[in-house]
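>>> Structure, please.
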Amino acid sequence: MTDDEATAAAVTDGTTTDDAVTDGTTTDGTTTDDAVISLLVVDDHPVVRDGLRGMFESAPGFRVLGEAAGGAEALQRAAALDPDVILMDLRMPGGSGVDAIRELTRRGARAKVLVLTTYDTDSDTLPAIEAGATGYLLKDAPRDDLFTAVRAAAQGRTVLSPAVASRLVSAVRAPKTPGGEPLSAREREVLALVARGTSNKEIARELFISEATVKTHLTHLYAKLGVNDRAAAVATAYDRGILG
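Numbers count the residues shown, from 1 in each chain. This next block holds a predicted model:
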């Protein structure tokens, strides 16, 4: 994603970009006011799912087809229900949202994925967008902004909260590693968790991967950063703007 693309994708003051109009008119001049957008709500918290279902079912133009409590269940429900838009949380014990997005993309699923989460760190936003998410909003987004974002996502338009768009621009502008090879999305995830003092075992559990895989990612990112241990990796990453 280029600087211009990331900036143009932001949602500011409740509006979407890409020269989008939010009154139900598409770019080809047709209206979608009467079209009902079908949704699948994916979140591991029942209260959140109930709240989102109630919110959308009380508004015209939306229909909630079902719910899922984790990434694995989301894949099953998406295949069975074929929704227009999937509202996807990221960190769930029943399978991560990023892995589910990546698998939906691999399968060529018709549904557009709009991430709705409380997390806006680089280790969350970048992997989700790279996996194929159409948009990324935080759970503190106003009700009307969420409705607007779902409509935009259903039409395939990219929607990002201002905070997330800013992070993506910063990530694009961040200096590359000495050898010219940037860290992968997964390596950034591992590095961000290392910076929080997370152990290999905890990282494995958080990312739903094995400890051996964590060690492999650490070996690769150490080589790219030109360091030999965790502390040096974190210090170097902050110094070069990779973490921040």
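>>> contacts and neighbour counts: CA atoms only from here.
Will do.
>>> and A174, what pLDDT?
At A174, the model reports a pLDDT of 60.
>>> what number of residues lie near the nearest residue to L183 once chain neighbours are set aside?
Computed as Cα to Cα, 6 or more residues apart in numbering, the closest residue to L183 that is not its neighbour in sequence is L221, at 6.6 Å. By the criterion of other Cα atoms under 10 Å, L221 has 24 neighbours.
>>> ditto for the one 5 residues further on
One way to gauge burial is a neighbour count; for G226, by other Cα under 10 Å, it gives 15.
>>> Give me the local confidence score for the residue nearest to L183.
On pLDDT, L221 comes in at 90.
>>> give the contact list for L81.
Going by Cα atoms under 8 Å, 6 or more residues apart in numbering, L81 touches 65-66.
>>> picking up where we left off before, so the residue nearest to L183 is in contact with E187, correct?
Yes: using Cα atoms under 8 Å, L221 makes contact with E187 at a distance of 6.3 Å.
>>> element containing the residue in the chain sticking out farthest from the centre, please.
Centroid-distance maximum for the chain: N228 at 31.0 Å, with Cα atoms, centre = their mean. Here N228 is covered by no helix or strand, with elements defined by DSSP states H and E.
>>> That one against Y222, yeah?
Yes: applying Cα under 8 Å, one finds N228 in contact with Y222, separated by 5.9 Å.
>>> what are the bridge partners for the closest residue to R151 other than its chain neighbours, then?
Counting by Cα to Cα, 6+ apart, I37 is the residue found nearest to R151 once chain neighbours are left out, at 7.5 Å. Note on I37: beta-bridge partners F62, judged by DSSP bridges.
>>> okay, A231: pLDDT?
A231 is assigned 88 on the pLDDT scale.
>>> A69 against V48, yeah?
No: look at A69 against V48 with Cα under 8 Å: they stay out of range, at 10.4 Å.
>>> The two: which is more packed in?
A69 (20 against 14).
>>> which residues sit in contact with D89?
42-44, 97, 115-117.
>>> rewinding a little: which neighbours do N228 and Y222 share?
Residues touching both N228 and Y222 (Cα under 8 Å, 6+ apart): none.
>>> how long is stretch 59-75 end to end?
26 Å (Cα to Cα, to the nearest Å).
>>> thinking again about what came up before, roughly how far does the residue farthest from the centre of the chain sit from V190?
In terms of Cα to Cα, N228 sits 15 Å off from V190.
>>> Ok, V98 next?
14 Å.
>>> quick one on the thing from earlier: distance of the residue farthest from the centre of the chain from T236?
11 Å.
>>> tell me the mean pLDDT over stretch 126-136?
What stretch 126-136 shows for mean pLDDT is 88.
>>> An error on my part: the question was meant for stretch 140-152.
Mean pLDDT, computed over stretch 140-152, is 94.
>>> Equivalent analysis for stretch 53-63, please.
When pLDDT is averaged along stretch 53-63, the result is 96.
>>> any chance you could map the helices in the protein?
Here the chain has its helices, by DSSP state H, at 3-8, 46-57, 71-81, 97-107, 122-131, 143-154, 162-173, 185-195, 200-207, 211-225, 230-239.
>>> Report the buried residues of the second one.
Read that as helix 46-57. Within helix 46-57, the residues that qualify as buried are 49, 52-53, 56, counting by 16 or more other Cα atoms under 10 Å.
>>> From the residues you listed, pick the one nearest A195.
Closest to A195 out of these is R49 (31.5 Å), distances taken as Cα to Cα.
>>> ok, S210 touching A204?
Yes: if you go by Cα under 8 Å, S210 and A204 touch, sitting 5.3 Å apart.
>>> who's more crowded, those two?
A204 (18 against 14).
>>> is it true that that one touches T216?
No: shown here, A204 and T216 do not form a contact pair, counting by Cα under 8 Å, at 11.6 Å.
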